[in-house]
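In: Below are the sequence and a predicted model; questions follow.
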Amino acid sequence: MKTGKLLCALFAVLFCFSACTSVPAGDPKLNKLIDYYEGKLDPDIPKITVTAEITEEDGEKTVCYLPYDAYLRTGEEETETDRNKTWFADLMNNFQSLPILYDGFYLERETPSQLTIRFEQPPEGEIVIKDYGIFDPCGTANEADGLGPGRVGYIHTFDAAQELSFDLWLLDGALVQSELPELRGLRIECKIDGKQVEYYLLFRTNYMGGLLPFYGEDLSHLTPLEGLEEEK
């Protein structure tokens, strides 16, 4: 872990602890982001609804909706996005407005957040979810490849269901990594009505207090949605 990042994170925890809160289901920022990203989707992509039940340290539960991005695959060839591992790049533009989800990293204090994904149309076969750590503000995805305690792999497979619920698992190898990501991305692969569809989710982690991701780094390349700061 870089010393500078650690000091920034500790400063954030000490002086900005009140900012580390979950986002209610009716949060205008998230609702606006959901509308924004869904409005950009290929009309042939079936929509989904994603909710996260977040349990705070005091036991209070909050449910929030998550925005998502998606892509309709039309062939087997690798795309430029695949080569660069930038599936979450568009969502990264608004990462500061995304909620913090917990995976039980702080065993005695954390309850893993529960994610629920409801598909507008039922998937066929299996649903594959690939888990990535995001270590840089460009949104480049990194497959978790931890060793030893906490190794669960970065690929998780579920039987197809129109509604899928699961507790967020600990990032693969998180207990033995020297540096942990400030965001995580889930890449959901499934077949719906004969079409191969991928959905992308992005959220903030709580590994460093969940505050001020990429503090002090150049974020000038990001283009956040206008008007979010005015939303209450």
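Out: In hand now; what should we look at? For clarity, every value in this text was computed on a predicted model and none was experimentally measured.
In: Below-threshold pLDDT in this protein: ranges please.
Out: Within the chain, the stretches with pLDDT under 70 are 1-26, 144-153, 210, 229-232.
In: In contact with the residue nearest the centre of the chain, which residues?
Out: Computing the C-alpha centroid of the chain and ranking residues by C-alpha atoms, centre = their mean puts L202 first, at 2.4 Å. Residues in contact with L202, defined by C-beta atoms under 8 Å, 6 or more residues apart in numbering, are F88, L91, M92, F95, L98, I134, G139, L183, R184, G185, L186. (Glycine included, C-beta is placed from N, CA and C.)
In: Now it: closest residue in space that isn't a chain neighbour?
Out: L91 (4.1 Å; C-beta to C-beta, 6 or more residues apart in numbering).
In: For the one you found, give me its contacts.
Out: Applying C-beta under 8 Å, 6+ apart to L91 gives the contacts Y37, P67, Y68, D69, L98, G139, G185, Y200, L201, L202.
In: Confirm for me that the fifth one is in contact with P213.
Out: No. Under the criterion of C-beta atoms under 8 Å, L98 is not in contact with P213, lying 9.3 Å apart.
In: Find residues that contact each of those two.
Out: L183, R204.
In: Tell me where the chain has helices.
Out: Counting by DSSP state H, residue ranges of the helices within the chain are 3-15, 28-39, 80-84, 89-92.
In: residues in contact with the third one?
Out: I take that to be helix 80-84. Applying C-beta under 8 Å, 6+ apart, the external contacts of helix 80-84 come out as Y71, W87, A89, T140.
In: Return the alpha-carbon coordinates of it using CSV.
Out: Below are the C-alpha coordinates for helix 80-84, written out as CSV (Å, rounded to 0.1, in the frame of the first residue of the first chain):
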residue,chain,number,x,y,z
GLU,A,80,-11.0,-3.1,-28.2
THR,A,81,-12.8,-2.8,-24.9
ASP,A,82,-12.0,-6.4,-24.1
ARG,A,83,-8.3,-5.9,-24.9
ASN,A,84,-8.1,-2.8,-22.8
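In: I'd like to know which of the contacts of L91 are part of strands.
Out: D69, G185, Y200, L201, L202 (DSSP state E).
In: my read: the first one touches M92, true?
Out: No. Contact status for D69 versus M92: not in contact, 10.0 Å apart, counting by C-beta under 8 Å.
In: Which of the two has more residues huddled nearby?
Out: Neighbours were counted for D69 and for M92 using other C-beta atoms under 10 Å; M92 has more, 26 against 21.
In: you'd agree that one is up against I134?
Out: Yes. M92 lies in contact with I134 (C-beta under 8 Å); the separation is 7.5 Å.
In: what do those two both touch?
Out: By C-beta under 8 Å, 6+ apart, the residues touching both M92 and I134 are L183, L202.
In: re earlier: and the contacts of L202, which are buried?
Out: Buried members of the contacts of L202, scored by 16 or more other C-beta atoms under 10 Å, are F88, L91, M92, F95, L98, I134, G139, L183, R184, G185, L186.
In: tell me which of the residues you listed is nearest to L107?
Out: Set against L107, the nearest of the buried ones among the contacts of L202 by C-beta to C-beta is R184 (18.1 Å).
In: tell me the contacts of that closest one?
Out: Counting by C-beta under 8 Å, 6+ apart, R184 has contacts L101, D131, Y132, G133, I134, L171, L202, F203, T205.
In: Quick check: beta-bridge partners of it?
Out: Using DSSP bridges, the beta-bridge partners of R184 come out as G133, F203.
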